[in-house]
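Undergrad: structure for this input, please:
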Amino acid sequence: MSTVEIVEVRGKVEKEHPMEKLLRMDRIPHIWCPTCGIGTAVKAFATALEQLEIDYNNVAVVSGIGCTGRVAGYMKLDSFHTTHGRAVPFAVGLAIAKPKMKVVVFSGDGDLISIGGNHFIHTARRNVDITVICVNNFIYAMTGGQVAPTTPILANSSTTPYGTFEYPFNLPLLAASSGAVYVARWTALHVRRLTNAFAEALQKRGFSFVEVIAPCSTLYARRNKLGDGLNLMKFYHDNSIIKHGADPREVDIGFQEKIVVGKFVDIEKPTYLDCLNDGYKRVFGDAYKVYGEEDE
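TA: Model prediction:
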């Protein structure tokens, strides 16, 4: 567990924030709105890293554009803030170039699933060894509250003022059907369970995916008259159904309906590099030097 450390700064004894080792404090305060669930997700992620005692020098965070895309800039780790929709392919390049590094993509639903959707499904199909954390806020939050591919049917947005009438993506199903070996979903209320999911995903070999349900409290909640951040937390508490092992086909999210959360997929299969090495080994035999085993 995190503990508060006493440090001396310019002759004064001060308390060090327990997450200071993993946050770029010179960039605080952050840009996220009060009651936003992104900060909760970042805290859970930092706690998971701390609990696993991972060498921070071997962890990299890649984010795209959007509110959640700012995570890479706040983490005191090797990080990369990419162009819109391109977080996953940048992460894939890094994971293949440095297979001993744990590469994490931390971004939003618009960045990962809309603009970056093609990269998402093909990286899952290849089972590249990365962890993808998607904070689903149901909307394009940073750019004005436009409808997104995760906006529930009937929900109001700035570009659908009379309600949304198109089917949204079921993200766990999208990840699982594309080939992910680990798929979980929790809300911003489930802090301890979310932390555990991050820890499990980080230890998983292959494409692991965690969805964090955190509707935008400023644009989505206000436009849909859902109350403040506390009201959202109460809704999660009263309407979340924990169902580990649920069929991903049955975990769609409706507008203000029950939300199925839990760990849905946890399987083992060869990663992209495993398949690459096995294939070339069959072709070239002992002449082939296994990629990823050489000293860095």
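
Undergrad: mind listing the strands in the stretch 1-150 of the chain by residue range?
TA: Assigned by DSSP state E, counting those that start in this stretch, the stretch 1-150 of the chain shows strands spanning 5-9, 12-16, 59-63, 78-81, 102-108, 131-136.

Undergrad: residues contacting Leu219?
TA: Contacts for Leu219 were tallied using CB atoms under 8 Å, 6 or more residues apart in numbering; they are 139, 141, 144-145, 157-158. Yep, even glycine has a C-beta here, placed from its N, CA and C like the rest.

Undergrad: Val105: which of those is nearest?
TA: Ala141 (18.1 Å; CB to CB).

Undergrad: can you tell me the closest non-neighbouring residue to the closest one?
TA: Of all residues not flanking Ala141 in the chain, Cys216 sits nearest, at 4.2 Å (CB to CB, 6 or more residues apart in numbering).

Undergrad: A strand includes the one you found, no?
TA: No - under DSSP: H, G, I helix; E, B strand; the rest coil, Cys216 falls outside any strand and is assigned coil.

Undergrad: list the residues that contact it.
TA: 33, 36, 67, 137-139, 141, 145 are the contacts of Cys216 under CB under 8 Å, 6+ apart.

Undergrad: any chance of CSV for those, columns pLDDT and neighbour count?
TA: Formatted as CSV, the contacts of Cys216 follow (pLDDT from 0 to 100; neighbours: other CB atoms under 10 Å):
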residue, pLDDT, neighbour count
Cys33, 91, 15
Cys36, 92, 23
Cys67, 94, 27
Asn137, 95, 31
Phe138, 95, 27
Ile139, 94, 32
Ala141, 90, 28
Gly145, 90, 22
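
Undergrad: export these as TSV, with columns for distance to Leu94.
TA: Putting these into TSV (distance: CB to CB, whole Å) gives the following:
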residue	distance to Leu94
Cys33	30
Cys36	27
Cys67	23
Asn137	26
Phe138	29
Ile139	29
Ala141	26
Gly145	32
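
Undergrad: so what pLDDT did Asp111 get?
TA: Asp111 carries a pLDDT value of 95.

Undergrad: check contacts around the closest residue to it other than its chain neighbours.
TA: Using CB to CB, 6+ apart and skipping residues adjacent in sequence, the residue nearest Asp111 is Gly64, 3.6 Å away. Applying CB under 8 Å, 6+ apart to Gly64 gives the contacts 81-87, 107-108, 111-112, 115-116.

Undergrad: what about Gly64, distance to Tyr140?
TA: Using CB to CB, to the nearest Å, we find Gly64 at a distance of 12 Å from Tyr140.

Undergrad: ditto for Asn277
TA: 40 Å.

Undergrad: the more surrounded of the two?
TA: Tyr140 (28 against 18; other CB atoms under 10 Å).

Undergrad: worst average pLDDT in the strands of the stretch 1-150 of the chain?
TA: strand 5-9 (a mean of 51).

Undergrad: whichever strand or helix holds Leu173 packs against which elements?
TA: Here Leu173 sits within helix 171-178, counting by DSSP states H and E. Applying 3 or more CB pairs under 8 Å, 6 or more residues apart in numbering; DSSP states H and E, we find helix 171-178 packed against helix 117-126, strand 131-136, strand 182-187, strand 208-213, strand 259-266.

Undergrad: which other helices and strands does the second one contact?
TA: With contacts defined as 3+ CB pairs under 8 Å, 6+ apart, the secondary structure elements packing on strand 131-136 are helix 38-52, strand 102-108, helix 109, helix 171-178, helix 191-203, strand 208-213.

Undergrad: at 6 Å instead, please
TA: Contacts defined by 3 or more CB pairs under 6 Å, 6 or more residues apart in numbering; DSSP states H and E place strand 131-136 against strand 102-108, strand 208-213.

Undergrad: quick one: those strands as a markdown table, columns for mean neighbour count and distance to Val251 too.
TA: Putting these into a markdown table (neighbours: other CB atoms under 10 Å; distance: least, CB to CB, whole Å) gives the following:
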| stretch | mean neighbour count | distance to Val251 |
| --- | --- | --- |
| strand 102-108 | 29 | 19 |
| strand 208-213 | 28 | 10 |
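
Undergrad: ok, now which ones touch the closest residue to Ile28 other than its chain neighbours?
TA: Spatial nearest neighbour of Ile28, chain neighbours left out: Tyr74 (7.5 Å); criterion: CB to CB, 6+ apart. By CB atoms under 6 Å, 6 or more residues apart in numbering, the contact set of Tyr74 is 23-24, 27.
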